[in-house]
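# Fold the following.
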Amino acid sequence: MEQSRKWCAWMLGVPLWAAQAGADELWLVELEHSDGIRLQFQGAEVERGSAAVWRQGEIWPQPLKPGDQLALLVADGVATRIELLAARAPLANQPWQRAQDRLQSFDDRQLTLATLGTVPLNPQVRWVNGSAADLHEGSALVLSRDEQGRLSEVLVINPEED
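Alright, predicted model coming up:
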């Protein structure tokens, strides 16, 4: 979808995931730090650029704070759209590329996460800052998917502290 069409979709209140462009990635993350220029998350950083913060179809006038749950459209390391999510936003079926969530259960075939639901595992998954041996209920994870939607990377956040 070209930029002007995305803008029109957002102004009409179309959900963020529905307006996603092929070149943009959708990230579902928890904000760790923002200095007004960069947004930082566990294991990643994005330039804020000129993207306004939206919440439920309206511009959000308050500053972002650590712990805010965000949906970001990201192109070439720059946020093109920032959506502050409601506490119970339905995220399970959105076409995310990067997401942070808490593990509820797992086996050798899948991860079951608190917000995202079930995510299939495959043997090619790259483990960062830990391994499957570090997983337990409540583990904080950052997941990345490839262009085909397959899980490609799992970052275990502070495996020794969970």
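# Leu31: neighbour count?
Neighbourhood size, Leu31 [other C-beta atoms under 10 Å]: 19. All C-beta atoms are positioned from the backbone trio N, CA, C, and that covers glycine.
# those helices in this structure, which residues are they?
For the chain, the helices defined by DSSP state H occupy 3-11.
# what residue ranges in it score low on pLDDT?
1-23, 86-94, 161-162 (pLDDT under 70).
# what residue is smack in the middle of it?
The chain has Leu28 as the residue nearest its centroid, 1.8 Å off, counting by C-alpha atoms, centre = their mean.
# what is the residue nearest to that residue when sequence neighbours are not counted paired to in the beta sheet?
Spatial nearest neighbour of Leu28, chain neighbours left out: Ala99 (4.0 Å); criterion: C-beta to C-beta, 6 or more residues apart in numbering. Taking DSSP bridges as the rule, Ala99 bridges to Leu28, Leu143.
# Val29 is in contact with Ala99, correct?
Yes: when contacts are counted by C-beta atoms under 8 Å, Ala99 is listed as touching Val29 (6.9 Å).
# quick one: which of those two has more around it?
Between Ala99 and Val29, counting by other C-beta under 10 Å, Val29 is the more crowded of the two (25 against 22).
# Can you tell me the closest non-neighbouring residue to the more buried one?
Looking at Val29 with C-beta to C-beta, 6+ apart, the closest residue is Phe41, at 4.4 Å.
# State the distance from the one you found to Asn129.
14 Å (C-beta to C-beta, to the nearest Å).
# For those two, indicate the residue with more neighbours.
More neighbours surround Phe41 than the other of Phe41 and Asn129, with 19 against 15 (other C-beta under 10 Å).
# Which strand residues bridge that one?
Beta-bridge partners recorded for Phe41 (DSSP bridges): Ala44.
# what's the neighbour count on the residue nearest to Leu113 when sequence neighbours are not counted?
Using C-beta to C-beta, 6+ apart and skipping residues adjacent in sequence, the residue nearest Leu113 is Asp101, 4.1 Å away. Residues within reach of Asp101, counting by other C-beta under 10 Å, total 23.
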